[in-house]
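Asks: Provided below are the primary sequence and the corresponding predicted coordinates.
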Amino acid sequence: MDAIKIGIIGLGTIGHAVASYSMEHYAKQIEVKAALVRNESRDYRLPASCLITSDEDAFFAEDMDIIVEAAGHTAIKKYGVRALHHASFIVASIGALAEENILEELKATAVQHRTQLLVPSAAIGGLDRICAMTLEEIDRIELVTRKPPAAWYGTLAEVKVDLSSVSKPTLIFSGTANESALLFPESVNVSAALSLAGIGFKNTHVRVYVDPTVTQNTHQIIAEGFAGRIELSLQNTPSANNPKTGYIVAMSIVKVLRQYTNPFVIGV
């Protein structure tokens, strides 16, 4: 099968890892054509074959099969529709899709241009089963997220609790997934992915903890319905460059890219 050509919006922790994994391990399957960045003069340590530009017109002029968003919620709002005009679009900042008007506009654009809006599993697991369970009635979906204090700096959690002195697990949010995705966009994108796979943002319950007893970002999923029950616990190693996200997010995106070129696909 031919290699797929991709572009990446943002070369921060996630975007740079996607580019590096693709080039170092899957160069014959994934060709990184271009990256759209704020500062193109910075040394991103990527091959010259990859166009690095702050000019969005130059970026979208490249021939790309898939565009990966790795630059935050505003990037989806700013570039999502244009991306889907040109290629399928993988979103890392899934929480932006909690805004229904954004999701519907992107879906309509994908239909019009015969592209796809793709949501990777990212920091979560079990989405294949949750999606399958929606064929019949689902009674309950709940997400419990726990992260160490270091993962919460620069977020709303700083207002809720003294991160430098917290000594026990502290609940900082309990409510619906649409509320959590908007309040904690960098840290609770998993609630958005779970909601999209399951019974919607308003019907998915979320609890969020600052927890000094854990060293990894931890997510517990509970779903019950006609097909049975799933209870899944995940511990994600925080990225050394940005503890708000885990290494698994970029790895999950590369897994989606690989599926486009592999003759054998499992876990779809």
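Replies: Thanks, I have it.

Asks: Was I right to think R140 contacts I221?
Replies: No. Look at R140 against I221 with CB atoms under 8 Å: they stay out of range, at 11.0 Å. (C-beta placed from N, C-alpha, C; glycine too.)

Asks: Looking at the two, which is more packed in?
Replies: A direct count of neighbours by other CB atoms under 10 Å for R140 and I221 places I221 higher, at 24 against 14.

Asks: and the more buried one, that's in a helix?
Replies: No. Read with DSSP: H, G, I helix; E, B strand; the rest coil, I221 is strand and lies in no helix.

Asks: From T213, how far out is it?
Replies: Separation of I221 from T213 (CB to CB, to the nearest Å): 20 Å.

Asks: Spatially central residue for this structure, please.
Replies: A92 (2.8 Å; CA atoms, centre = their mean).

Asks: Skipping its backbone neighbours, what lies nearest it in space?
Replies: Of all residues not flanking A92 in the chain, A70 sits nearest, at 4.8 Å (CB to CB, 6 or more residues apart in numbering).

Asks: Next up, the contacts around that neighbour.
Replies: 8-12, 14-15, 18, 92-93, 250, 253 (CB atoms under 8 Å, 6 or more residues apart in numbering).

Asks: list the contacts for H205?
Replies: H205 touches 140-143, 174-177, counting by CB under 8 Å, 6+ apart.

Asks: Can you say which of these are buried?
Replies: Among the contacts of H205, those classed as buried by neighbour count (16 or more other CB atoms under 10 Å) are 141-143, 176-177.

Asks: which stretches of the protein form strands?
Replies: For the chain, the strands defined by DSSP state E cover 4-9, 30-36, 51-53, 66-69, 88-91, 117-118, 138-147, 170-176, 205-210, 217-225, 228-236.

Asks: from memory T155 sits against K244, does it?
Replies: Yes. Using CB under 8 Å, T155 is in contact with K244, at 7.2 Å.

Asks: and E231, how far is that from T134?
Replies: 18 Å.

Asks: hang on, I meant Y44
Replies: 40 Å.

Asks: for V268, same thing?
Replies: For V268 relative to T134 (CB to CB), the value is 15 Å.

Asks: about what we covered before: higher neighbour count, E231 and T134?
Replies: Using other CB under 10 Å as the criterion, E231 and T134 rank with T134 on top: 17 against 11.

Asks: residues contacting that one?
Replies: Counting by CB under 8 Å, 6+ apart, T134 makes contact with 197-199.

Asks: would a markdown table of those residues with distance to K78, neighbour count and pLDDT be doable?
Replies: Formatted as a markdown table, the contacts of T134 follow (distance: CB to CB, whole Å; neighbours: other CB atoms under 10 Å; pLDDT from 0 to 100):
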| residue | distance to K78 | neighbour count | pLDDT |
| --- | --- | --- | --- |
| A197 | 25 | 22 | 93 |
| G198 | 28 | 23 | 94 |
| I199 | 30 | 20 | 94 |
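
Asks: Could you tell me which of those residues are located in helices?
Replies: A197 (DSSP state H).

Asks: Let me have the contacts of T134 in JSON lines, extended by distance to D162.
Replies: Listed next are the contacts of T134 as JSON lines, based on distance: CB to CB, whole Å:
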{"residue": "A197", "distance to D162": "35"}
{"residue": "G198", "distance to D162": "34"}
{"residue": "I199", "distance to D162": "36"}
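
Asks: Out of the contacts of T134, which is nearest to L51?
Replies: A197 (34.0 Å; CB to CB).

Asks: Now for that closest one: which residues touch it?
Replies: Per CB under 8 Å, 6+ apart, neighbours of A197: 119, 127, 130-131, 134.

Asks: No more questions from me, cheers.
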